[in-house]
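Colleague: Build me a structure from this.
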Amino acid sequence: MSTAFTPYIHFIDDAREAMTFYGSVFGAEPQFMTFGEANQAGGAGGGEFADRIMHSSLFVGPGQHIMASDSMPGHEAAESAGRIQIAVSSDGAEPDAEQRLTAWFEALSDGADVLQPLTAAPWGDTFGMLVDRYGIRWMFSIPASEQAEPSNLP
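Modeller: A predicted model of the protein is given here:
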């Protein structure tokens, strides 16, 4: 069994919308369980919050997993979304990595605040940052190809 760090995002009340959007970006189908469904299974929840998402998973690929939920009233997500970023990078071993990561960045850019477009960084990689339409920060790093001239840091 391998070990992985998995981002778990708490939304106020748009986890379903956000995870469905992320599924369209990454080409994966999100899975959802509402508080109402959990209540029917003997868990907490239900009532006026029955349709909120208790848990959602999006499996993008091996080692690529995002989880999310809606916050219950009184347990709202902290205003700490700006304190965490999801970094998406490649080691360059996959032949389509640059194309795939560029497509993901462009798809996430829809409705986003692009802080740094995907451009060549001083360290040689292609780098970009954005805050998506749900307030989640993303950083993308695509390794420089072997043909590219590496830049030297001063």
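Colleague: the strands in the protein, which residues?
Modeller: Using DSSP state E, the strands of the chain run over residues 8-11, 31-34, 53-61, 64-70, 85-89, 113-120, 126-131, 137-142.
Colleague: Tell me who's in contact with the closest residue in space to residue 29 that isn't next to it in sequence.
Modeller: Leaving aside its sequence neighbours, residue 29 sits nearest to residue 23 (C-beta to C-beta, 6 or more residues apart in numbering; 5.8 Å). Glycine gets a C-beta too; all of them are placed from N, C-alpha and C. In this structure, residue 23 makes contact with 29-30, 58, judged by C-beta atoms under 8 Å, 6 or more residues apart in numbering.
Colleague: same thing with residue 4?
Modeller: Taking C-beta under 8 Å, 6+ apart, one finds 63, 65 in contact with residue 4.
Colleague: Point out where this protein drops to low pLDDT.
Modeller: Along the chain, the parts satisfying pLDDT under 70 run over 1-2, 40-46, 73-83, 146-154.
Colleague: quick check: domain ranges of it?
Modeller: In terms of domains, the chain is parsed into 8-70, 81-142 (source: automatic domain parsing).
Colleague: Please report how far residue 6 lies from residue 127.
Modeller: 23 Å (C-beta to C-beta, to the nearest Å).
Colleague: To clarify, my last question referred to residue 111.
Modeller: Applying C-beta to C-beta, the value for residue 111 to residue 127 is 21 Å.
Colleague: buried ones in stretch 23-40?
Modeller: For stretch 23-40, burial by neighbour count (16 or more other C-beta atoms under 10 Å) applies to 23, 25-26, 28, 30, 32-39.
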